[in-house]
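A.B. asks: kindly generate the corresponding structure for this input.
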Amino acid sequence: MPSLIDYLLANRIQAGVLSGIKVNNPVSGGEAAAILRKQVKKAVVITLGEHGHVVDQGEGPAHVGSFAVEARDYSVAFDAFVGGFCADLIVEQSVTQAAAFGSAAGALALARTGSQASFTARKEIQDFLKQGPHTASR
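C.D. replies: I've put the predicted structure just below:
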C-alpha cells in the first residue's frame with residue numbers, strides 16, 4: 001500500500017519510537033531517518049535539539065547543525081520548527097531550506113519565554129538565518 005504521508009517531521013524521541021532506534025545524535029538520527037524514509041513519499045526531518053536536524057529525501061540523510069542560542073523555554077521550540085518548516089515549504093522552497101528555516105524559527109522560540117512571545121515574523125527568521133551556523137554533512 002503506498003504511503004499517504006508526504007513529509008514526516010519528528011523530534012528525536014518520536015523518531016526513536018517510530019523507527020525502533022534510540023536517537024541521541026546525528027548518526028543515530030540519520031539511521032532512524034533512513035528507516036522512516038521508506039514509509040513516506042517525500043522526506044523525513046528529525047530534530048535533534050542542540051545537535052541540529054537530519055533531513056532524508058531518499059538520497060541518504062544529511063545533517064545540518066543547530067543555531068547557538070541561550071535556551072530559555074523549551075515548550076514551543078518543536079512547534080516553531082514545524083510551523084517554520086511548513087511556512088517556508090509553502091512558498092516553494094526546498095525541503096532542506098524549509099528545514100533550515102524551521103530550525104531558525106525553533107532557535108528563536110527557544111531563546112524566548114512564553115508561548116505566544118516565542119513565535120516571530122518571517123522577516124526576523126530570515127535575518128536570523130543570515131547569521132547561520134549551519135554546517136551540513138552527509
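
A.B. asks: and the longest helix seen in the chain, what other elements does it pack with?
C.D. replies: Under DSSP state H, the helix in the chain containing the largest number of residues is helix 95-110. If you count contacts as 3 or more C-beta pairs under 8 Å, 6 or more residues apart in numbering; DSSP states H and E, helix 95-110 packs onto strand 43-47, strand 53-56, strand 61-64, helix 77-90, helix 115-118, helix 122-130. For the C-beta atoms, the positions are set from N, CA and C on the backbone; glycine is no exception.

A.B. asks: for this protein, which spans come out with low pLDDT?
C.D. replies: 1-2, 116-118, 132-138 (pLDDT under 70).

A.B. asks: residue 120 belongs to a helix, doesn't it?
C.D. replies: No: using DSSP: H, G, I helix; E, B strand; the rest coil, the assignment for residue 120 is coil, not a helix.

A.B. asks: coming back round to it: would you reformat the helices and strands packed on helix 95-110 as a markdown table and include mean neighbour count?
C.D. replies: Below are those laid out as a markdown table (neighbours: other C-beta atoms under 10 Å):
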| stretch | mean neighbour count |
| --- | --- |
| strand 43-47 | 27 |
| strand 53-56 | 26 |
| strand 61-64 | 21 |
| helix 77-90 | 20 |
| helix 115-118 | 13 |
| helix 122-130 | 14 |
